[in-house]
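Novice: Any chance you could fold what I've pasted below:
(one chain, ligands or ions: 1)
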Amino acid sequence: MKNYAQWSIQPPTRIEEVGATRLAAKFSGDRYSSVYSNTTDELRSDNAARSAFPDDVQLLDTTLRDGEQAPGVSLTPDEKVEIAEALEAADIDVIEAGSACTSEGERDCIRRVTDLDLDATVTSFARGIKSDIDHALDCNVDGITLVVPSSDKHIETKVGSTREEVIESSVELVEYATDHELWVELLGEDGSRADPEFLVELAEAGHEAGADRFCYADTVGHASPEHTYEVVEKLAELGPTSVHTHDDLGFGMTNVHAGLRAGADFVHGTVNGIGERAGNVAIEEVAIALSHSYDIETLNLPAVYELATTVSQNTGIPLAPNKAVIGENTFTHESGIHTDGTLKDGAMYEPYPPETVGRERRLVLGKHAGRAGVEAALNEHNIDVSDDELAAIVERVKTLGERDKRVTDADLLAIAEDVQGRDRERYVELLTLTTASGGEVPTASVKLRVGDEERTAANTGSGPVDAAVKAVRQALGPAANAELDSFHVDAITGGTDAVVTVEVEMTRGDHTVTVAASDSDITRASVDAMVDALDRLLAASPPEQPVADD
Ligand SMILES: CC(=O)SCCNC(=O)CCNC(=O)[C@H](O)C(C)(C)COP(=O)(O)OP(=O)(O)OC[C@H]1O[C@@H](n2cnc3c(N)ncnc32)[C@H](O)[C@@H]1OP(=O)(O)O
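Specialist: Next up is the predicted model:
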């Protein structure tokens with residue numbers, strides 16, 4: 001895990017955009033109509049008939065190679081192992097574990113992956129250089145993607161070679177690699193800017209030399225779908241063909257589609273679409289699109305979200321909220337009309353159920369909230385309201401949302417208490433917080449009011465937030481037995497004096513709450529949010545023993 005260490009209590013899934021109004025209610029959502037399956041079945045049979053895709057499509061994940069080439073990303077051996085295991089859990093066919101030519105450290109990483117003895121085929125990137133193949137062999141990989149220049153720009157300017165020499169050396173290297181029992185995919189680098197006739201010549205020579213497949217690479221993300229189709233169609237006539245696409249023009253996925261339609265049966269991609277420049281095609285998007293629209297199964301889809309968060313935490317690249325499949329907003333509904341429709345039928349505003357990809361649906365409150373969503377959120381907290389009270393609460397929720405403020409569960413509950421004239425009895429209150437993080441071991445002490453009693457506790461942690469949260473848990477004892485589901489930090493203003501907002505989501509038993517707190521001191525904001533969340537959870541389901549006696 002990178003970048004967040006000083007803030008995290010447990011790894012955050014992302015840092016939010018400032019100003020989004022969000023999480024207020026969690027909706028378990030078992031109300032699905034059969035609309036999902038009816039629509040999908042019809043779409044699938046129509047699409048499958050029209051698409052002429054191959055029945056079996058395999059995926060090569062290059063998160064550990066091309067994904068790691070995203071600027072600023074460097075994975076340790078442990079991180080590569082964790083990602084490889086998550087890829088295996090998602091049933092990936094091939095894992096490109098790295099570029100063995102890079103360094104001894106990289107070879108150690110790749111060896112750690114090959115030592116896992118996974119079901120997936122594990123490969124290394126290799127340039128058109130014999131020593132690169134030797135380095136790959138040194139890592140005990142099952143195969144290589146042998147990358148040779150194919151555009152004149154790469155052949156002449158980058159490598160200082162000629163087309164004839166590239167063909168000749170490619171043949172020698174494919175034979176060398178297959179003689180060493182490697183699975184070999186020959187990839188013509190910058191293939192989308194290569195002369196298609198030369199690409200065909202190269203692929204033909206590769207197949208004749210024994211390559212298992214040839215890969216059409218849109219290395220700089222420059223190809224149009226029409227060009228991809230035309231070239232891949234020619235290549236696929238020669239033998240098994242792969243496509244490697246980038247998203248510089250936003251055509252990453254469209255070019256995969258064009259390639260498959262033209263006869264390719266193997267797709268390269270990366271988890272969350274991370275990679276050089278604008279990134280590669282996102283492997284999870286390929287998998288869901290093929291499954292949902294064409295009835296072609298590739299990945300174990302319910303394992304995909306866990307895979308996405310593992311990659312995000314290990315690379316330090318947050319999940320974009322609006323990204324298909326893995327984005328926070330993908331199964332989150334805020335606007336009143338969508339929320340109302342979703343409460344009536346889970347399929348109303350979603351193409352497929354969130355559980356398909358290991359997610360759950362959320363309904364959130366904000367400026368666009370309506371009565372149905374607010375009432376559902378109140379019901380989640382066992383609060384019944386009259387029609388008049390509901391109208392007043394909705395109005396205040398909208399006003400709060402219009403102020404660009406998040407409407408959390410705590411906000412909603414406070415509004416409801418006010419509208420209904422109920423006093424809130426606090427179970428837990430933070431009285432003082434002291435932290436020291438300059439020394440070797442960050443420490444924190446807290447004084448809490450718990451019931452009628454004052455309690456103090458001190459603890460250490462990986463950072464001041466971690467130490468303070470441990471101290472809170474220690475002071476509360478068993479009453480603090482709540483899961484921290486998520487922990488997000490936003491800087492509201494820039495600069496070193498920034499006010500930060502910390503939002504936590506916590507669950508205790510059947511109850512989940514979201515609470516946000518702001519302060520210029522991140523530790524204070526974190527502890528305030530957590531203490532408030534624990535207080536709300538204890539209010540929702542009071543402990544059998546009085547809290548003070550825990
Ligand atoms: C499209 C892609 O994603 S390409 C993959 C990118 N991945 C990497 O670059 C892996 C990390 N790279 C590295 O660690 C280093 O660049 C190394 C160890 C591979 C090479 O380092 P160096 O020997 O210092 O070379 P340097 O990085 O300066 O230049 C790259 C060399 O590879 C050569 N090269 C580039 N592509 C190819 C290819 N497909 N086939 C053969 N040679 C190639 C270049 O011509 C250049 O050789 P030169 O030094 O004789 O001119």
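Novice: care to break this protein down by domain?
Specialist: The record, using the TED database to delimit domains, assigns the chain the ranges 53-315, 332-420, 428-540.
Novice: With distance to the ligand added, can I get the ones you listed in CSV?
Specialist: No exception for glycine: its C-beta is placed from N, CA and C like everyone else's. Listed next are these as CSV, based on distance: least, C-beta to the nearest ligand atom, whole Å:
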stretch, distance to the ligand
domain 53-315, 4
domain 332-420, 28
domain 428-540, 32
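Novice: Adding mean neighbour count and mean pLDDT as columns, could you present those in CSV?
Specialist: Below are the domains of the chain laid out as CSV (neighbours: other C-beta atoms under 10 Å; pLDDT from 0 to 100):
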stretch, mean neighbour count, mean pLDDT
domain 53-315, 21, 97
domain 332-420, 19, 93
domain 428-540, 19, 89
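Novice: is it possible to export these to CSV including distance to Lys323?
Specialist: As requested, the domains of the chain are arranged in CSV below (distance: least, C-beta to C-beta, whole Å):
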stretch, distance to Lys323
domain 53-315, 7
domain 332-420, 12
domain 428-540, 16
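Novice: Please list all residues in contact with Gly373.
Specialist: Applying C-beta atoms under 8 Å, 6 or more residues apart in numbering, we find Gly373 in contact with 25, 333-334, 336, 339-340, 343, 363, 365.
Novice: Please repeat the previous calculation with a cut-off of 10 Å.
Specialist: With contact set as C-beta atoms under 10 Å, 6 or more residues apart in numbering, Gly373 has these partners: 24-25, 27, 333-340, 342-343, 363-366, 394, 397.
Novice: now, which of these lie within helices?
Specialist: The helices, defined by DSSP state H, take in 336-340, 342-343, 394, 397 from the contacts of Gly373.
Novice: Kindly export the one helix or strand Val148 maps to (C-alpha atoms) in CSV.
Specialist: Using DSSP states H and E, Val148 sits in strand 143-149. Listed in CSV are the C-alpha atoms of strand 143-149, where the atom choice follows Å, rounded to 0.1, in the frame of the first residue of the first chain:
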residue,chain,number,x,y,z
GLY,A,143,6.3,-18.2,-21.7
ILE,A,144,7.2,-14.8,-23.1
THR,A,145,5.7,-12.0,-25.1
LEU,A,146,8.5,-11.4,-27.6
VAL,A,147,8.3,-7.8,-28.5
VAL,A,148,10.0,-6.8,-31.8
PRO,A,149,9.7,-3.5,-33.6
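Novice: Direction included, what does that strand pair against?
Specialist: The strands beside strand 143-149 in its sheet (DSSP bridges) come out as strand 121-127 (parallel), strand 183-189 (parallel).
Novice: And the residue nearest the centre of this structure?
Specialist: Residue closest to the mean C-alpha point of the chain, counted by C-alpha atoms, centre = their mean, is Ala308 at 3.2 Å.
Novice: Can you tell me the element it falls in?
Specialist: Counting by DSSP H and E, Ala308 is found in helix 304-315.
Novice: In terms of secondary structure, what does that helix contact?
Specialist: Identification of packing neighbours for helix 304-315 by 3 or more C-beta pairs under 10 Å, 6 or more residues apart in numbering; DSSP states H and E yields helix 77-89, helix 283-294.
Novice: counting contacts, what elements does the longest one pack onto?
Specialist: Right, the one you point to is helix 77-89. strand 58-61, strand 94-99, helix 104-114, strand 121-127, helix 304-315.
Novice: Ok, the last one next?
Specialist: With contacts defined as 3+ C-beta pairs under 10 Å, 6+ apart, the secondary structure elements packing on helix 283-294 are helix 35-51, strand 58-61, helix 252-261, strand 266-269, helix 304-315.
Novice: C-alpha coordinates for it, PDB please?
Specialist: In PDB, the C-alpha atoms belonging to helix 283-294 read as follows (Å, rounded to 0.1, in the frame of the first residue of the first chain):
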ATOM      1  CA  ILE A 283      -9.400  -6.100 -18.200                       C
ATOM      2  CA  GLU A 284     -12.500  -6.000 -16.000                       C
ATOM      3  CA  GLU A 285     -14.400  -4.000 -18.600                       C
ATOM      4  CA  VAL A 286     -13.500  -6.500 -21.300                       C
ATOM      5  CA  ALA A 287     -14.700  -9.300 -19.100                       C
ATOM      6  CA  ILE A 288     -18.100  -7.800 -18.100                       C
ATOM      7  CA  ALA A 289     -18.800  -6.600 -21.700                       C
ATOM      8  CA  LEU A 290     -18.100 -10.100 -23.100                       C
ATOM      9  CA  SER A 291     -20.200 -11.800 -20.400                       C
ATOM     10  CA  HIS A 292     -23.100  -9.400 -20.400                       C
ATOM     11  CA  SER A 293     -23.400  -8.600 -24.000                       C
ATOM     12  CA  TYR A 294     -22.100 -11.700 -25.800                       C
END
